[in-house]
Structure formats: C-alpha cells, structure tokens
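> dropping the sequence and predicted coords here.
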Amino acid sequence: MLNKRGILGYNVELKVFARENRKNPTKPENRIWKEILCNNKTGYKFLRQKPINNFILDFYCSKLLLGIEIDGDSHYRDSQRKYDIARADRLEGLGIKLIRYTNDEIMSNIDGVYKHLMAELKIRENESPLVKRARGIKLLL
C-alpha cells in the first residue's frame, strides 16, 4: 500500500529489471512513448517501466494512479492471460486503473490509441475523489 509519504511501495529488486526495460523498449513501447506519453503531451507526467508492488508497469501516471500496459503476442496464451488478470486485480486493489493496448493497436492505429487514452484520462480525472481516497488524502464531503 502507500507508505508514510503517500507513495506506493515496490520490490527494490525490480529496479534493475525496470532500468534494463527502459534501455531496451519494444517498438510499440517506444512509439507510444515518443508520440503520446513523453513530455507531458497528455497533460500528465508518465513514467516508463515503473516498479509498483511486485510488478513493473510499462507506463505509470502517479497523479491519476493510472497504468498502461502494452501487450505483445505472449499475452494471448491462457497462462499469461490468467496472470494478467490476477496482476490487474492486485493493482486495482492498490487503487491503480490499468489500461491495456496491443502491439498491433499501437503500430497500426496510434491515432485511435491517442483518442482512447485521452477519453480514459478524462474519465479518470472525473473519478478524482476515488483517486484521492486511494492516495490517502482526506476528502471533505
């Protein structure tokens, strides 16, 4: 959960793997980063390969508690699908909303991905009381 400073904890052993993943992004990860997520192009700061709990998210926005995962071919296997569902459930238990895109969506329809993501960001903005509560901020109701 959140530590005393309101930050989500992570397994420190994942830092090395996250750093390697940042140095060697897949083509779809590189494309969504450069065309949509870097330099606050969405109006929000996203981090690449962010360790959270015992997982590494492809992209993460701490302000919205929002993760983005890019799914390659391995995610179509039953065993990987079950793992992805369990992982998403665990992250949602921490208050993180997870959005998934396939490699194909990013490589063949980046404009559609951008439009979808911007719509999801607006929805998440409107859920701000939930986001604030998950981050441990008192609400005046």
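Received it, and whenever you're ready, just let me know what you need.
> any low-confidence regions in this structure?
The model of the chain has pLDDT under 70 over residues 1-7, 73-79, 128-141.
> let's see it at 90
For the chain, applying pLDDT under 90 flags the ranges 1-14, 17, 53, 72-87, 93-95, 125-141.
> ranges for the strands of it?
47-52, 55-61, 66-71, 97-102 (DSSP state E).
> pipe these into TSV and attach mean neighbour count and distance to Asp89 per row.
Every residue, glycine included, has its C-beta placed from N, CA and C. Below are these laid out as TSV (neighbours: other Cβ atoms under 10 Å; distance: least, Cβ to Cβ, whole Å):
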stretch	mean neighbour count	distance to Asp89
strand 47-52	20	14
strand 55-61	22	12
strand 66-71	22	13
strand 97-102	17	10
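> so for Arg90, which of those sits nearest?
Arg90 lies closest, by Cβ to Cβ, to one member of these: strand 55-61, at 7.5 Å.
> can you tell which of the strands of the chain is closest to Tyr83?
Tyr83 lies closest to strand 55-61 among the strands of the chain, at 10.3 Å (Cβ to Cβ).
> partner strands of that closest one and their direction?
Here strand 55-61 is paired, per DSSP bridges, with strand 47-52 (antiparallel), strand 66-71 (antiparallel).
> can you lay out those as a markdown table showing distance to Gly93?
A markdown table is the format used below for the strands paired with strand 55-61 (distance: least, Cβ to Cβ, whole Å):
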| stretch | distance to Gly93 |
| --- | --- |
| strand 47-52 | 12 |
| strand 66-71 | 13 |
